[in-house]
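[1] predicted model and sequence below, questions to follow.
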Number of protein chains: 2
Amino acid sequence: METQNHEKVTVVNQIKSRLGNIGNAITGVGAEARRLGQEDPRRVVHAFKVGLALALVSLLYSFDFFYDGFGVNAMWAVMTVVVVFEFSVGATLGKGVNRAIATLLGGALGFVAHYAASYTGDKVEVILLGLSVFVIAVVTTFCRFFPKIRARYDYGLLIFILTFSLISVSGYRNDEIWDMAYGRLTTILVGGSATVLVCLLVCPVWAGEDLHKLTASNIQQLGTFLGGSLLFGRVYFQEEAKDDKNQALLNDYESVLNSKGVEDSLVNFAKWEPRHGKFRYRHPWHQYVEIGSLTRQCAYKIDALNSYLNSDVQTPLQHREKMKEACKKIILESSSALRELAMGIQTMTCSSSRDAHVVNAKSAAAKLKALMKSGLWPNADFLDIVPAVAVASLLIEVLGCTVKIDEAVAKLASSARFKKVDREPNRELSFDKMQRTPSILGSHINIIVE
Amino acid sequence: METQNHEKVTVVNQIKSRLGNIGNAITGVGAEARRLGQEDPRRVVHAFKVGLALALVSLLYSFDFFYDGFGVNAMWAVMTVVVVFEFSVGATLGKGVNRAIATLLGGALGFVAHYAASYTGDKVEVILLGLSVFVIAVVTTFCRFFPKIRARYDYGLLIFILTFSLISVSGYRNDEIWDMAYGRLTTILVGGSATVLVCLLVCPVWAGEDLHKLTASNIQQLGTFLGGSLLFGRVYFQEEAKDDKNQALLNDYESVLNSKGVEDSLVNFAKWEPRHGKFRYRHPWHQYVEIGSLTRQCAYKIDALNSYLNSDVQTPLQHREKMKEACKKIILESSSALRELAMGIQTMTCSSSRDAHVVNAKSAAAKLKALMKSGLWPNADFLDIVPAVAVASLLIEVLGCTVKIDEAVAKLASSARFKKVDREPNRELSFDKMQRTPSILGSHINIIVE
């Protein structure tokens, strides 16, 4: 009797704990969903946009004139919406244009193949059509490996093979096939138009704008590492503790190291977009690739600096103090230059104060070099000095990278015709207002590892 | 008359130059195609495999029993082949499984929605169905932003929305819809099976194997930088000229810096693959993520070393000479350890000689530190010494990274049960035989910028 009771209690407990686990899992998913939505509210908007476009197109099924007109082909409209609707306007337009043109070309070629083969005998026809599908598939699939083609037309090539195969090997008679091709193209255009209209008109997400923001924010993050308020300098010279909050701020730059993938996608998408906001038609998107690559080079140096901050072997503080003034000057001026650059990209303006920062930083670097040459640590243990010397030389290299980024941004500024301004005095404020954009990475990119 | 002749000559010349341009373009495309094929011959094989699978499925159209049985649904078989066939087995299986399960679930749910709505009035039915499509699309699209879901089931969610919408809003009667759903699922299974069979049986490309090779080759490239035959050391101490060939070898490591994207894709694909070759079921693929991340950290240090090699400011050679022996020892031993690690991953063996290299390198590092402590350059200009000190401390850091990679590889070796071996004496030979694999990057990854 007691054993039975005991068993009952165990079973009840098990069920309770299972239910608890399920409850926890649901709460966890809810919390994660809230986090994803808060990180980038455009994700929620995007989900609703897809729903809207799909519901609109689905309703077309219900109108008799549409269904009667296109019959079973109407489903191509639904399919087009689901497959073509992407997060950004550029990605959607790219896929839409690819799909439309590829369907047209693939359909035309498929029709020709089908027509030509229909004049031969039954068995020859089958062999001819099979052969033509084989050849087209082989050639087109291989074309997808050409980097330039893949960057812009990968999806188009896929749809080209698809449409060609469907049309050429379909069992339809020649008069039917024309109707089918016409119907399919029309419904794809209906679905594509609905997609593009909803994507463009309801809170559009511009890949170009995100690329622009990401570029500015990456540069900004390097500047923040060096010193939102001279952060690296203050921590290195132990004026501020290396607590968790500071460490998190200092580690912000890490996302820059692996930003190449999403940057490349955004450049490809941006090229499809029409003029919007401050971006004219033929905005020099390729310039962002160069700036991004230089930013990452600078991030590698920053990574090295960071490892000295966390290293066990440190130059004693009294030795560090001797180069403090010169180092802090370089840090301050490089950081200001970087943040001024980020600000300039963000607002599409160029201000002359940036050059002043670079000039100041260069003269501070010259001073630091002279200082070290003069024998800054006459009686110190040589090995103690090594880390400090490495930090100093890394700072000089970061300055070098900053100058290179400055040149690349100047090129962008001239080809995208940034406005010349005298920066307002309350610019520290606007620096802080500049939005950090970690969300861009998670919203656009497709390759993610768990 | 002369003017006319002159004009004729001009026109002829223009035509000739245009034809020449077209000819050059064709030759260029041909050369590029040959390069792509030679870089990774599996690309050519892949193109033929897609052609084969598609031709096979297309031929099914020609058999009456298939076409009569499934009618217009047969086109779903063609579509499945085109859309699901990917370069690697893992990517293909992942897409295939996603497609099959999503079609099943989406179809079932769509059927339920369609059935339930059919019991209401005409107008209510339209509204109910439109609403259900909207809700499913919104929820599922938002789910695609969850990183864990996106990594494995992104394609499945897409197909789920697609199938649900197609089935639920189709104008079919309830008895027809069952036939359609059945027909579609069967044809998708036929197309999917043909795809998977061709992909698996004809020269299969394993994402897991490529990930494994890429990981080994990335570590190997770092080792090669330091010294295939002590390359960095010999160039730094000016025993060898920095000619174009050496520079190209030295810059080989650069592809490691941006390898994260393709590595993440390969990990996701590899998880779909069954046991193959030396890889058991549940091979610890996630370990490769850790090794890859440590390898990149090491690559950042190597990047810094490289920038010292190309810097204008150099420590005079006579000063460098003083630390040459100790540095070359660290370089030799770190490089040997890295290449031993690469070799070990490649052959799935672990040899004890690796530990010996690490121990030797550590003692050389201790020696170098002691040497510098003893005042290596008593009368030298301090500023002259800075770059040499930086190089020395970077070498010590590279050694630190090597130790970390060693530990991560040891974890992999124990969980993947690498064989214990005593490495053969003719191992230099096998190092050279180890294939460099730049081709992996271009064959799998989807995001490429022109």
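    Looks like it arrived, so ask away.

[2] show me how chain A divides into domains.
    A:1-29, A:42-201, A:208-449 (automatic domain parsing).

[3] mind putting those into CSV with mean pLDDT and mean neighbour count?
    C-beta here means a position set from N, CA and C on the backbone, and glycine is covered the same way. CSV is the format used below for the domains of chain A (pLDDT from 0 to 100; neighbours: other C-beta atoms under 10 Å in any protein chain shown):
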stretch, mean pLDDT, mean neighbour count
domain A:1-29, 83, 10
domain A:42-201, 85, 20
domain A:208-449, 80, 19
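
[4] out of those domains, flag the one nearest B:Leu162.
    Taking C-beta to C-beta, domain A:42-201 is the member of the domains of chain A nearest to B:Leu162, at 4.5 Å.

[5] close to chain B, is stretch A:288-299?
    Yes. Legend: contact between stretch A:288-299 and chain B by C-beta under 8 Å from any C-beta of the partner chain is shown at A:289, A:296-297.

[6] same list, the residues you listed, but as a markdown table with distance to A:Gly51 please.
    What follows is these, written out as a markdown table (distance: C-beta to C-beta, whole Å):
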| residue | distance to A:Gly51 |
| --- | --- |
| A:Val289 | 35 |
| A:Arg296 | 38 |
| A:Gln297 | 43 |
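
[7] the residues you listed in helices, which ones?
    The helices, defined by DSSP state H, take in A:289, A:296-297 from the residues of stretch A:288-299 next to chain B.

[8] and those, which is closest to chain B?
    A:Val289 (5.9 Å; C-beta to the nearest C-beta).

[9] do a quick rundown of the strands in the stretch 1-150 of chain A.
    Along the stretch 1-150 of chain A, no segments are classed as strands by DSSP state E, counting those that start in this stretch.

[10] do the same with the stretch 201-350 of chain A
    With DSSP E, counting those that start in this stretch as the criterion, the stretch 201-350 of chain A has strands at A:349-351.

[11] contact residues of it facing chain B?
    Looking at chain B, the residues of the stretch 201-350 of chain A close enough under C-beta under 8 Å from any C-beta are A:257-258, A:260-261, A:263-265, A:267-268, A:286, A:289, A:296-297, A:300-301, A:303-304, A:307.

[12] hmm, 6 Å instead?
    Residues of the stretch 201-350 of chain A lying close to chain B by C-beta under 6 Å from any C-beta of the partner chain are A:258, A:260-261, A:264-265, A:267, A:289, A:300, A:303-304.

[13] kindly indicate which of those residues lies nearest B:His319.
    Out of those, the member with the shortest distance to B:His319 (by C-beta to C-beta) is A:Ala304, at 22.7 Å.

[14] isn't the closest one up against B:Leu305?
    No. If you go by C-beta atoms under 6 Å, A:Ala304 and B:Leu305 don't touch, sitting 10.4 Å apart.

[15] residues touching stretch A:302-320, excluding its own?
    For stretch A:302-320, contacts defined as C-beta atoms under 6 Å, 6 or more residues apart in numbering or on different chains pick out A:222, A:225, A:238, A:253, A:377, A:380, A:384-385, A:387-388, A:391, A:394, B:300, B:304.

[16] how about the helices in the stretch 301-450 of chain A?
    Listed from the start of the chain, the stretch 301-450 of chain A has helices (DSSP state H, counting those that start in this stretch) covering A:317-347, A:353-373, A:382-415, A:427-433, A:439-444.
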